[in-house]
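**Q** All I have is the shape, not the residue letters:
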């Protein structure tokens, strides 16, 4: 688990990417800010390293643009694959298999991020580190990073997120704490289940 300040930094990064990279109108970002705040906190809670945090942010950005357009009780579901939530995980393939998942759970920031962490951990035991995202996208053990447009696009987006994250790291801790307090007051009570801190 990373320090709690990382959650608000993730929020700032996500809102910045939505506005600048994808041109999402400010009103839509404002409508989704409580969900994005919870997602940012969930990523910081489940990530053990900053590198892992960047990976989670990259997958959520690449798969669903952080599910910003489905912020509350309606999970984002891909009609073709049936994948759900910010990480677009297919419920029947959710790990661990012993605990069945549904789209509402995968849309929840904390549960969805936990499922992603478990999935990436399982994949890392099966394939080389550089081929993890290739397998995540295709489910093919023979897949290699070089042969898959998904993992190449993931690598490019990850580089962009790292650059943006360095900018966010320079923000005043005081300003970040004030923003965090404002969001905590505005988003109370959390509409998603959150773990104890």
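**A** Cool, the structure landed. None of the values given here were measured: they were computed from a predicted structure.

**Q** The lowest-mean-pLDDT helix or strand in the chain: how far from the chain's middle?
**A** Lowest mean confidence among the helices and strands of the chain (mean pLDDT, DSSP states H and E): helix 132-138, at a mean of 82. How far helix 132-138 lies from its chain's middle: 16 Å, per C-alpha atoms, centre = their mean, to the nearest Å.

**Q** SS state for the most centrally placed residue in the chain?
**A** The centroid of the chain falls nearest to residue 60 when counting by C-alpha atoms, centre = their mean (3.7 Å). Classification of residue 60 by DSSP: H, G, I helix; E, B strand; the rest coil places it in helix.

**Q** Which neighbouring residues are in contact with the nearest residue to it once chain neighbours are set aside, exactly?
**A** If the residues on either side of it in the chain are set aside, residue 60 comes closest to residue 86, at 4.3 Å by C-beta to C-beta, 6 or more residues apart in numbering. Where C-beta positions appear, they are placed from N, C-alpha and C, glycine not excepted. The contact partners of residue 86, taken as C-beta atoms under 8 Å, 6 or more residues apart in numbering, are 39, 60, 63-64, 66-67, 76, 107, 109, 112.

**Q** Can you add secondary structure and distance to residue 5 and give the residues you listed back as JSON lines?
**A** JSON lines is the format used below for these (DSSP: H, G, I helix; E, B strand; the rest coil; distance: C-beta to C-beta, whole Å):
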{"residue": "39", "secondary structure": "helix", "distance to residue 5": "16"}
{"residue": "60", "secondary structure": "helix", "distance to residue 5": "19"}
{"residue": "63", "secondary structure": "helix", "distance to residue 5": "25"}
{"residue": "64", "secondary structure": "helix", "distance to residue 5": "25"}
{"residue": "66", "secondary structure": "helix", "distance to residue 5": "19"}
{"residue": "67", "secondary structure": "helix", "distance to residue 5": "23"}
{"residue": "76", "secondary structure": "coil", "distance to residue 5": "28"}
{"residue": "107", "secondary structure": "helix", "distance to residue 5": "25"}
{"residue": "109", "secondary structure": "helix", "distance to residue 5": "17"}
{"residue": "112", "secondary structure": "helix", "distance to residue 5": "22"}
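
**Q** Adding distance to residue 156 and pLDDT, write these out as CSV.
**A** Converted to CSV, those look like this (distance: C-beta to C-beta, whole Å; pLDDT from 0 to 100):
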residue, distance to residue 156, pLDDT
39, 22, 95
60, 16, 94
63, 15, 91
64, 17, 90
66, 18, 90
67, 21, 85
76, 23, 74
107, 26, 91
109, 25, 93
112, 24, 94
